[in-house]
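Mind looking at a prediction? Sequence and model below.
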Amino acid sequence: MQAVLRDASLLASSDASVLIRGESGTGKELLARFIHQASPRAAAPFIAINCSAIPETLLESELFGHVRGAFSGASSAHTGLFEAADGGTLFLDEIGDMPPPLQAKLLRVLQERTIRAVGATSSRSVDVRILSATHHDLMAALASGRFREDLYYRINVVSLVLPPLNERREDIPLLAQHFLSGITRRDGKRLRGFSPQALQALSLADWPGNIRELQNVVEQVCALCTTPQIPLALIERALRVAPTRRFSYAEAKTRFERDYLTRLLIMTSGNVSEAARVAERNRTEFYRLLQRHGLDPILFRSDRSDDSAT
């Protein structure tokens with residue numbers, strides 16, 4: 001994540017189109033907002049649209065606008081999102097679901113930097129930076145003809161990949177505490193944190209819904225908690241409804257090893273010497289194991305978690 005944020009910070013100063021890839025719930029729109037807010041366009045609008053959430057018949061009007069009488073029901077003119085985002089950033093979420101006819105029209109806009117509202121007879125210039133995101137494999141979509149190759153290279157000048165939550169488990173305690181702090185401020189609840197067992201259960205869960213699912217679980221347990229500290233039982237209850245995945249033997253072995261190391265770091269608050277002693281491994285070998293799985297013991301220290309909560 002540190003590498004992703006470094007790249008995003010560098011990209012913020014340019015106008016290059018960026019394609020953000022990652023599973024649903026990994027925070028693609030949040031990263032797009034970060035790029036916009038760190039850019040020279042920060043004072044201008046950031047507008048997001050989910051291309052899969054709007055019917056094809058309405059998506060063109062949403063993007064480019066329409067004039068009065070352009071179609072049945074168009075009783076007044078409508079400003080499109082490109083025009084609304086003029087000078088700023090337009091975030092096209094789930095662009096892999098954009099219908100092929102609209103892909104051609106979007107490509108024309110990106111090439112000419114002009115838009116024409118539905119039913120209009122003239123075009124107007126727009127100055128908009130495009131950030132896109134998808135959880136689809138666009139290379140497979142290219143091969144099957146579902147996505148235009150020329151548009152792909154227009155939107156994918158630079159690509160950023162957000163890893164799934166189960167590949168960045170050291171972030172889970174920090175994210176959980178962050179969500180908890182926000183909920184307690186919003187609702188005025190007096191919750192001081194998670195029990196060690198509850199935090200361990202969160203850190204070892206699979207999280208197929210990624211950060212969005214984690215936030216949902218924290219929201220649920222906060223609503224149901226009647227004690228100052230969130231207990232393991234509430235976490236287990238919230239996780240019981242989560243879907244599971246099947247793993248190959250190699251995946252299961254790697255997953256077990258990473259989970260075991262994560263559990264040790266949580267249990268020892270990031271103390272590598274103590275964790276190595278419990279694992280019955282010398283420090284050098286233990287450090288190699290941590291490096292293999294991308295685990296930073298500093299992120300498991302209790303004082304680091306307290307800072308994130310603040």
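Received the coordinates, thanks.

contacting residues around Arg124?
Applying CB atoms under 8 Å, 6 or more residues apart in numbering, we find Arg124 in contact with Glu83, Thr114, Ile115, Arg116. (Each C-beta comes from the backbone N, C-alpha and C, glycine too.)

Bridged to the second one, which residues?
Taking DSSP bridges, one finds Ser125 as the beta-bridge partners of Thr114.

quick one, what contacts it?
Residues in contact with Thr114 (CB under 8 Å, 6+ apart) are Ser123, Arg124, Ser125, Val126.

Could you check how far it is from Arg185?
Counting by CB to CB, to the nearest Å, the separation of Thr114 from Arg185 is 45 Å.

and what of the third one?
Summarising the geometry, the distance separating Ile115 from Arg185, computed by CB to CB, is 41 Å.

With neighbour numbers in mind, choose between the two.
Each of Ile115 and Arg185 has its neighbours counted (other CB atoms under 10 Å); Ile115 has more, 22 against 9.

I'd assumed Gly65 was in contact with the more buried one.
Yes. Applying CB atoms under 8 Å as the test, Ile115 and Gly65 come out as touching, 7.5 Å apart.

And the helices in the stretch 1-150 of the chain?
For the stretch 1-150 of the chain, applying DSSP state H, counting those that start in this stretch gives helices covering 2-12, 28-37, 56-64, 81-84, 100-112, 138-144, 149-155.

I'd like the ones you listed as a markdown table, with mean pLDDT and distance to Glu236 appended.
Formatted as a markdown table, the helices of the stretch 1-150 of the chain follow (pLDDT from 0 to 100; distance: least, CB to CB, whole Å):
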| stretch | mean pLDDT | distance to Glu236 |
| --- | --- | --- |
| helix 2-12 | 94 | 32 |
| helix 28-37 | 96 | 28 |
| helix 56-64 | 85 | 42 |
| helix 81-84 | 92 | 43 |
| helix 100-112 | 92 | 45 |
| helix 138-144 | 92 | 37 |
| helix 149-155 | 95 | 42 |
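
Need those helices in a markdown table (columns: mean neighbour count and distance to Leu299).
What follows is the helices of the stretch 1-150 of the chain, written out as a markdown table (neighbours: other CB atoms under 10 Å; distance: least, CB to CB, whole Å):
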| stretch | mean neighbour count | distance to Leu299 |
| --- | --- | --- |
| helix 2-12 | 14 | 10 |
| helix 28-37 | 19 | 19 |
| helix 56-64 | 17 | 41 |
| helix 81-84 | 19 | 38 |
| helix 100-112 | 16 | 39 |
| helix 138-144 | 13 | 32 |
| helix 149-155 | 17 | 33 |
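
JSON lines please, covering these and showing distance to Ile49.
Output for those, formatted as JSON lines (distance: least, CB to CB, whole Å):
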{"stretch": "helix 2-12", "distance to Ile49": "20"}
{"stretch": "helix 28-37", "distance to Ile49": "10"}
{"stretch": "helix 56-64", "distance to Ile49": "6"}
{"stretch": "helix 81-84", "distance to Ile49": "6"}
{"stretch": "helix 100-112", "distance to Ile49": "12"}
{"stretch": "helix 138-144", "distance to Ile49": "18"}
{"stretch": "helix 149-155", "distance to Ile49": "14"}
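
Of all the ones you listed, which one is nearest Cys225?
helix 28-37 (26.0 Å; CB to CB).

ok, so of the contacts of Thr114, who is nearest Leu5?
For the contacts of Thr114, the nearest to Leu5 is Val126 (28.8 Å; CB to CB).

Any buried residues in the helix or strand where Phe256 lies, and which?
In the assignment (DSSP states H and E), Phe256 maps to helix 249-267. Using 16 or more other CB atoms under 10 Å as the test for burial, helix 249-267 gives Arg255, Arg258, Asp259, Leu261, Thr262, Arg263, Leu264, Leu265, Ile266.

can I get the CA coordinates of it in CSV?
Taking C-alpha atoms only, helix 249-267 is exported to CSV below (Å, rounded to 0.1, in the frame of the first residue of the first chain):
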residue,chain,number,x,y,z
TYR,A,249,-3.1,-27.0,-1.2
ALA,A,250,-0.4,-24.6,-2.0
GLU,A,251,-2.7,-21.6,-1.4
ALA,A,252,-3.9,-23.1,1.9
LYS,A,253,-0.3,-23.7,3.0
THR,A,254,0.8,-20.2,2.2
ARG,A,255,-2.3,-18.8,3.8
PHE,A,256,-1.7,-20.8,7.0
GLU,A,257,1.9,-19.7,7.3
ARG,A,258,1.0,-16.0,6.8
ASP,A,259,-1.9,-16.2,9.2
TYR,A,260,0.3,-18.0,11.8
LEU,A,261,2.9,-15.2,11.5
THR,A,262,0.2,-12.5,11.7
ARG,A,263,-1.2,-14.2,14.8
LEU,A,264,2.2,-14.2,16.5
LEU,A,265,2.8,-10.6,15.7
ILE,A,266,-0.6,-9.6,17.1
MET,A,267,0.0,-11.7,20.2
